[in-house]
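Undergrad: pasting the sequence and the predicted coordinates here, then a few questions.
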Amino acid sequence: MLTALARYGDHHMTDVLVIGAGPAGAAAALRSADLGARTALVTSAAFGGMAANDGPVPVRALAHAGRLLRDARQLDQYGITISEPVLDYSRLLGRVREIVGDVRTNSSLRRQIDSLGVTIHERAGVARFVDPNSIETRSGLRLSADKIIICTGGVSRRLPIPGFELTCTHSDAWGLTSVPPSMLVVGAGATGMQVASIFNAFGSRVQLFEAGPRILATEDADISVAAAAALRQSGIAVHEAFGAIEAFEKSATGVRMIFTKDGCRFDAEASLVVVATGWAAETSELNVAAAGIELNQRKFVKVDEYLRTSAPHIFAAGDITGHLMLVPQAVQGGWTAATNAVTGPTMPLADQVSPMGSFTEPEYAQAGLTEAKARESHDIVTSIVHFDVTTRTLIDGRTFGFCKLITDRKSCKVIGCHVIGERAVDIAEVAAIAIAAGMRVDDLAQIPLAYPTYGGILARAAVMAAGQLGLGVGWANQLERQSGG
Ligand SMILES: Cc1cc2nc3c(=O)[nH]c(=O)nc-3n(C[C@H](O)[C@H](O)[C@H](O)COP(=O)(O)OP(=O)(O)OC[C@H]3O[C@@H](n4cnc5c(N)ncnc54)[C@H](O)[C@@H]3O)c2cc1C
Ligand SMILES: NC(=O)c1ccc[n+]([C@@H]2O[C@H](COP(=O)([O-])OP(=O)(O)OC[C@H]3O[C@@H](n4cnc5c(N)ncnc54)[C@H](O)[C@@H]3O)[C@@H](O)[C@H]2O)c1
């Protein structure tokens, strides 16, 4: 460290510099300071990153509004009469800002980071490497460190298509003054599905265009099929394998998308086009070449199992690495990278069950292997419980959906769970705990989960699987007869 201090003279020199204050960067700074390293955190925008300011927190606040509209329409079914709900989009955005502020104010991560004495340079402008140990931000701040951890996240992927500048991303939702009458959503992964579902609930006429053969391609195939059917049922026009986009152009009422399929030309038009065709690493501004950092084939920062880049003193974590792009994984990555940066590369990134899902309409979620993946390496049984026969869903009037449990025939362990419908994420998370614990399906079946609950649906799927495997589940057999859940 002394050598480095001498080398960098008067400008800010520290042990560890973390670039980017999203979940990965915040976790990295906290861990680094906790291990006793003098730590600085620099970020171009506000603390919390995309996660707190532009991604999960505000988008889920919009989704919650969509859910409230849906629930309001159900009131009549339960004998409650109100007039048709009307959305005031500007007021909703005010509420979203309030929520983002509340989440930020209550961030325990920020409090801990502050209490450990991390120097935070917030809204410092975009940082770029000027040499392997130094960065300079657009605001002119220059910082140097012995070790650097890159946590700069990603950006919505841009398509090299004429007229692309006429399109929007999910981030443009914050600048709208009203709900657009119509919308084309291009790309049906988690982001596209959220945008389509939310704005459909708000009253836009939505068309969803997916280049691949099915929407939600990383979900179990049965979930994709059920989700597409549900979206269509709710009024969204879903176009899978729609062809290739040729151009976007201005139209009288908004934007026209021109696309081709099988040699024929088609077009679709809406007041707004939202493109959600993937999340890419933003490395062009960082000038990674100046630090000797290589990118992988997908153009994300290349890291080894210790999250070390090709420059041994520089680590990376979160979306910038192209690993599973979710908040818990970003936090885990930041923590691991900082541990290795401070104590030496000894801790490989843990491979864990990663439950994931989305608060869309319908909600969907997964934990563990999809059926197709499981079949590649296991002899499996699948058990499916449909929501139109389970007690809690009947009570709540939410009878669309199913829970599919995948069990390894040899070990009788639960290895996958896929759910679509009300509280899908909550159900899959219980399954994730069972998978992480290496639990046998007959043991899962016999846990007396509360009745009538959504978690109980999982127990019922476990009873069914145990039956298929010829395993006794004692008292729990009654669950099958009692519409468990
Ligand atoms: C619409 C949407 C919804 C999502 N919903 C969920 C969800 O419900 N659950 C979930 O788990 N995940 C969700 N995700 C994914 C999740 O938000 C990301 O995986 C997570 O934010 C990644 O964290 P990160 O720290 O790597 O990057 P980010 O959160 O993107 O933070 C990166 C930070 O680096 C800063 N930065 C960038 N470049 C520079 C630079 N050159 N110099 C200085 N600072 C820089 C940025 O300003 C930002 O503060 C969602 C993503 C999207 C797009
Ligand atoms: N859990 C959540 O709620 C949530 C929400 C949003 C994003 N995320 C995470 O962020 C990451 C990025 O998600 P995403 O949805 O932005 O990207 P994605 O890569 O998951 O999905 C992009 C979709 O666009 C399609 N596509 C690609 N090129 C296309 C083209 N030219 N025309 C039409 N379709 C095209 C792809 O086939 C794919 O289905 C994911 O890892 C996801 O887990 C999570």
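TA: Done, it's in. Computed from a predicted model, the values in this text were never measured in an experiment. Residues are numbered from 1 along each chain as shown. Ligands and ions are numbered 1, 2, ... in the order given.
Undergrad: show me how the chain divides into domains.
TA: 2-48+107-155+280-343, 164-277, 362-483 (automatic domain parsing).
Undergrad: quick check: phi and psi on the residue nearest to the spatial centre of the chain?
TA: The residue lying closest to the centre of the chain (C-alpha atoms, centre = their mean) is residue 326, at 4.5 Å. Note on residue 326: its backbone torsions stand at phi -140, psi 160 [degrees, to the nearest 10].
Undergrad: residues in contact with it?
TA: Going by C-beta atoms under 8 Å, 6 or more residues apart in numbering, residue 326 touches 354, 356. Using the backbone N, CA and C atoms, a C-beta is placed for each residue, glycine as well.
Undergrad: gap between it and residue 196?
TA: 20 Å (C-beta to C-beta, to the nearest Å).
Undergrad: coming back round to it: closest one to ligand 2 among the domains of the chain?
TA: domain 164-277 (2.1 Å; C-beta to the nearest ligand atom).
Undergrad: redo the domains of the chain as CSV? Include mean pLDDT and distance to residue 70.
TA: Formatted as CSV, the domains of the chain follow (pLDDT from 0 to 100; distance: least, C-beta to C-beta, whole Å):
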stretch, mean pLDDT, distance to residue 70
domain 2-48+107-155+280-343, 92, 25
domain 164-277, 97, 6
domain 362-483, 95, 10
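Undergrad: which non-adjacent residue is nearest residue 224?
TA: Excluding the flanking residues, the one nearest residue 224 by C-beta to C-beta, 6 or more residues apart in numbering is residue 214, at 4.1 Å.
Undergrad: shouldn't residue 122 be in contact with residue 44?
TA: No - at 9.2 Å, residue 122 and residue 44 do not qualify as touching, with contact defined as C-beta atoms under 8 Å.
Undergrad: more neighbours, these two?
TA: Neighbours were counted for residue 122 and for residue 44 using other C-beta atoms under 10 Å; residue 44 has more, 21 against 13.
Undergrad: can you tell me how far that one sits from residue 155?
TA: Residue 44 is 12 Å from residue 155, by C-beta to C-beta.
Undergrad: helices of the stretch 151-300 of the chain, start to end?
TA: Applying DSSP state H, counting those that start in this stretch to the stretch 151-300 of the chain gives helices spanning 190-201, 221-233.
Undergrad: so of those, which one's packed in deepest?
TA: Most buried of these by mean neighbour count (mean count of other C-beta atoms under 10 Å) is helix 190-201; its value is a mean of 25.
Undergrad: tell me what angle that helix forms with helix 221-233.
TA: 30 degrees (axes from the mean of the first three to the mean of the last three C-alpha atoms, to 10 degrees).
Undergrad: quick one, phi/psi of the residue lying closest to residue 292 once chain neighbours are set aside?
TA: Closest residue to residue 292 apart from its sequence neighbours, by C-beta to C-beta, 6+ apart: residue 311 at 4.4 Å. Dihedral angles of residue 311 (phi, psi; degrees, to the nearest 10) stand at phi -100, psi 110.
Undergrad: my read: residue 311 touches residue 301, true?
TA: No - with contact defined as C-beta under 8 Å, residue 311 does not reach residue 301; the gap is 10.2 Å.
Undergrad: scan the chain for its longest helix.
TA: Counting residues, the longest helix found in the chain (DSSP state H) is helix 56-74.
Undergrad: please see if the following helix or strand past it touches ligand 1.
TA: Downstream of helix 56-74, the next assigned helix or strand under DSSP states H and E is helix 89-105. No - under the criterion of C-beta under 6 Å from any ligand atom, helix 89-105 makes no contact with ligand 1; the nearest approach is 12.1 Å.
Undergrad: circling back to that earlier point, in the longest helix of the chain, what counts as buried?
TA: 56-67, 69 (16 or more other C-beta atoms under 10 Å).
Undergrad: list the contacts of that helix.
TA: Contacts of helix 56-74 (C-beta under 8 Å, 6+ apart): 48, 51, 82, 85, 87, 92, 95-96, 99-100, 103, 170, 173-174, 194, 197-198, 200-202, 327, 359-361, 397.
Undergrad: so which of these are also by ligand 2?
TA: Okay, of the contacts of helix 56-74 touching ligand 2 (C-beta under 6 Å from any ligand atom), that's residue 194.
Undergrad: are any of the contacts of helix 56-74 buried, and which?
TA: Judged by 16+ other C-beta under 10 Å, buried ones among the contacts of helix 56-74: 48, 51, 87, 92, 96, 99-100, 103, 170, 173, 194, 197-198, 200-202, 327, 359-361.
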